[in-house]
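**Q** Any chance you can model this:
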Amino acid sequence: AADGCKLRAADMKARRGDYGAARTLYKELAREGLVSAMRSSAGRASSMHWLQAVLCLLAEGRVDKVQAELDACVGEDGSFASSPEFDLLHGVVQALQAQDPVEFMAQVRKYDSGGGLSPATTKLLTVVKEALCGEGEAGKRVVETLAKDEDDELL
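**A** All right, here's what the predicted structure looks like:
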């Protein structure tokens, strides 16, 4: 019951664009799922919550922080690295770095073929795709981050 309320709150915050607060709640849900295998956070695996937490980071346009976040998630939950959600994130990050919206959509379709996308996750992926295409505030941050990374590589 409490997990269900927390999940609804996280989903609502994500849909409203409060990605930092949503990310915090998704990470709490993932950790709680690890503590008690009996509780599955309204039927969702911890890996789904890790996915949503990292997508919140991407929705904020923080491509530069994603690898550290993925490493932290795997550090807390080693099974996450072998999950379909981790594979999706890995593919999405590669598509973002390559600035390839076609590959981004291929990764999403591959993951969704199992019917794994909730409305909140779909919304997050939509915002991430807009960021990839340079649209909105997140898009501006992604473009700036990627440009900075390219400048750093030249030094």
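
**Q** any chance you could map the helices in this structure?
**A** 2-15, 19-35, 46-59, 66-76, 84-98, 101-112, 119-132, 136-154 (DSSP state H).

**Q** what's the most buried one of these?
**A** Of the helices of the chain, the one with the most neighbours on average (mean count of other C-beta atoms under 10 Å) is helix 46-59, at a mean of 26. (Each C-beta comes from the backbone N, C-alpha and C, glycine too.)

**Q** helices or strands next to that one in the packing?
**A** Under the contact criterion of 3 or more C-beta pairs under 8 Å, 6 or more residues apart in numbering; DSSP states H and E, helix 46-59 touches helix 2-15, helix 19-35, helix 66-76, helix 84-98, helix 119-132.

**Q** thinking again about what came up before, rank the helices of the chain by mean pLDDT and give me the bottom one.
**A** Out of the helices of the chain, helix 136-154 stands lowest, with a mean of 59 (criterion: mean pLDDT).

**Q** Centre-most residue in the chain?
**A** Leu55 (1.8 Å; C-alpha atoms, centre = their mean).

**Q** dump the residue contacts of that one.
**A** Leu89, Thr121, Leu124, Leu125, Val128 (C-beta atoms under 8 Å, 6 or more residues apart in numbering).

**Q** does the second one really touch Ala53, like I thought?
**A** No - counting by C-beta atoms under 8 Å, no contact exists between Thr121 and Ala53, whose distance comes to 11.1 Å.

**Q** can you pull the contacts of the closest residue to Leu25 other than its chain neighbours?
**A** If the residues on either side of it in the chain are set aside, Leu25 comes closest to Ala10, at 3.6 Å by C-beta to C-beta, 6 or more residues apart in numbering. Taking C-beta under 8 Å, 6+ apart, we find Ala10 in contact with Ala21, Ala22, Leu25, Tyr26, Leu29, Gln52, Ala120.

**Q** And these, which is closest to Gly75?
**A** Tyr26 (16.3 Å; C-beta to C-beta).

**Q** if I look at the closest one, how far off is Arg8?
**A** With distances taken as C-beta to C-beta, to the nearest Å, Tyr26 is found 12 Å from Arg8.

**Q** rewinding a little: I'd like the contacts of Ala10 laid out as TSV, including distance to Val63.
**A** Formatted as TSV, these follow (distance: C-beta to C-beta, whole Å):
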residue	distance to Val63
Ala21	20
Ala22	18
Leu25	22
Tyr26	18
Leu29	24
Gln52	17
Ala120	21
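
**Q** can you pull the contacts of Thr59?
**A** Heads up, residue 59 is Ala, not Thr. Ala14, Gly17, Tyr19, Leu124, Val127, Val128, Ala131, Ala138.
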